[in-house]
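**Q** structure for the following, please:
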Amino acid sequence: MSQSVTVSIFLVFMPPSPTINAFCGVIAKMSAFLAFLCDCGSLVVKVSDRGWLVASSSPVPLKTRRKEEDCGSPVVKVSDHVLCSPGTFYDSSARECWDCPIGHYQEDEGQLECNTCPDGMTTEYFRTRNETECKGICQPGTYSPTGLETCLACPIGTYQEHSRQHTCSVCPEGTTTASLQSASEFDCWEICNVGHFSNTGLQPCDACPKGFYQPFTGQSKCLECPSNFTTEIVGATNVSQCLDLDPCAKKDHCMNDGVCTRHGREAKCICKEGFGGDRCEHDIDECLQKPCFNDGICVNVGFSSDIHRGNLLTPSTALKHDLQCLKIHIIHKHNRAHLASQNNPHYSLDKIRQTGCNWHSYL
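**A** As a prediction, this is how the structure comes out:
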């Protein structure tokens, strides 16, 4: 005749307090321990509004405990009692010990749950036993053999859009990245062609200027031609396009009778008086400096060596520059003076401010 024993144990939580909270872990261990008292988990652990309720689901016959290996889950034997080992937790519904999943760990035995790794960290394997095994996750633009620290930057020409990756993706053909650790395919740009360059070697690119060339793609600068040599075109791709060209060979390089002089591969224009600019293309307007006094009207007439005859100032007050003070009438002490200034090689523009169209000379 067999006998059976039914055991019901109530563990009731008291109102929350620091002391009660400190014993929560102990109570959880007690629940796990009681669950293993009969045949590695024949007792059912439930949660009620009264706290942890530990009771048998049915009468359990008294008999010898089965061997530890019959329990079918990772356990250790402590003082003749069987508990879930570190790195595992007890699943009450399955009545088995389960491995802590990826991203979790458990340092203690006989636990009902596993601890979660800190934010941004995870574990490489299941059944992790210590928080020190939680490692940082490789972020987009980086990778590693495990997807965890220590992470490497994606090399130039590759990218990685996702976290915890083992490799990086290669840019489409004809494109590359400007730097390491690219996190998007949009970081892949077309490469500059030969004869072109940019700060990154990627689009948008500029053609090599005259006097420079570039035989390779994806370059950040162009190569300079040998001294005194230049190219006939922009975007040269080979040193053979560098020629000893006289920049003054074109007769019209300097305008308005300017004189062209060579300086290495460059040309410089020496302009005649009254003209300026790199190619003597600007006619300087001396009237902008307001050289006429006493209501004289200045007219820029261009450079000329002709001297206007009639109504001239004395030779000591004539002008060299290409302007005229138009004839005006200044009445003083019933005297009328006709004033005009014209070119004279003996005076500068500064002197016009002292004597140009000055009626005091005619009193």
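
**Q** and stretch 268-282, C-alpha only, in CSV?
**A** Only the C-alpha atoms of stretch 268-282 are listed here, as CSV (Å, rounded to 0.1, in the frame of the first residue of the first chain):
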residue,chain,number,x,y,z
LYS,A,268,52.9,89.8,-68.3
CYS,A,269,51.8,92.9,-70.0
ILE,A,270,53.4,96.3,-69.5
CYS,A,271,50.7,98.9,-70.3
LYS,A,272,51.0,102.3,-71.8
GLU,A,273,50.1,105.2,-69.6
GLY,A,274,46.3,105.6,-69.3
PHE,A,275,45.6,101.8,-69.5
GLY,A,276,45.6,99.0,-66.9
GLY,A,277,44.6,95.4,-66.3
ASP,A,278,46.3,92.0,-66.8
ARG,A,279,46.1,92.6,-70.6
CYS,A,280,45.9,96.4,-70.6
GLU,A,281,42.2,96.1,-71.4
HIS,A,282,41.1,98.8,-69.1
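
**Q** buried ones in it?
**A** Residues of stretch 268-282 classed as buried: 268-269, 271, 274-276, 279-280 (neighbour count, 16 or more other C-beta atoms under 10 Å). In this view, the C-beta of every residue, glycine as well, is placed from N, C-alpha and C.

**Q** and if you look at stretch 102-115?
**A** Applying 16+ other C-beta under 10 Å to stretch 102-115 flags 103-106, 109-112, 114-115 as buried.

**Q** give me the low-pLDDT residue ranges for the stretch 251-363 of the chain?
**A** When residues are selected by pLDDT under 70, those of the stretch 251-363 of the chain lie in 301-363.

**Q** now with 90?
**A** The stretch 251-363 of the chain contains residues with pLDDT under 90 at 251-259, 261-267, 273-274, 276, 278-279, 282-363.

**Q** for the stretch 1-150 of the chain, same thing?
**A** Along the stretch 1-150 of the chain, the parts satisfying pLDDT under 90 run over 1-83, 91-96, 109-110.

**Q** please repeat the previous calculation with a cut-off of 80.
**A** Along the stretch 1-150 of the chain, the parts satisfying pLDDT under 80 run over 1-82.

**Q** strands - which of the buried residues of stretch 102-115 land there?
**A** 104-105, 115 (DSSP state E).

**Q** could the buried residues of stretch 102-115 go into TSV alongside distance to Ser179?
**A** Converted to TSV, the buried residues of stretch 102-115 look like this (distance: C-beta to C-beta, whole Å):
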residue	distance to Ser179
Gly103	31
His104	36
Tyr105	36
Gln106	42
Glu109	49
Gly110	52
Gln111	47
Leu112	49
Cys114	40
Asn115	39
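
**Q** one step back: could the buried residues of stretch 268-282 go into TSV alongside distance to Glu286 and secondary structure?
**A** Below are the buried residues of stretch 268-282 laid out as TSV (distance: C-beta to C-beta, whole Å; DSSP: H, G, I helix; E, B strand; the rest coil):
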residue	distance to Glu286	secondary structure
Lys268	24	strand
Cys269	20	strand
Cys271	14	coil
Gly274	8	coil
Phe275	11	strand
Gly276	11	strand
Arg279	20	coil
Cys280	16	coil
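
**Q** and those, which is closest to Arg129?
**A** Nearest to Arg129 among the buried residues of stretch 268-282, counting by C-beta to C-beta, is Lys268 at 80.6 Å.
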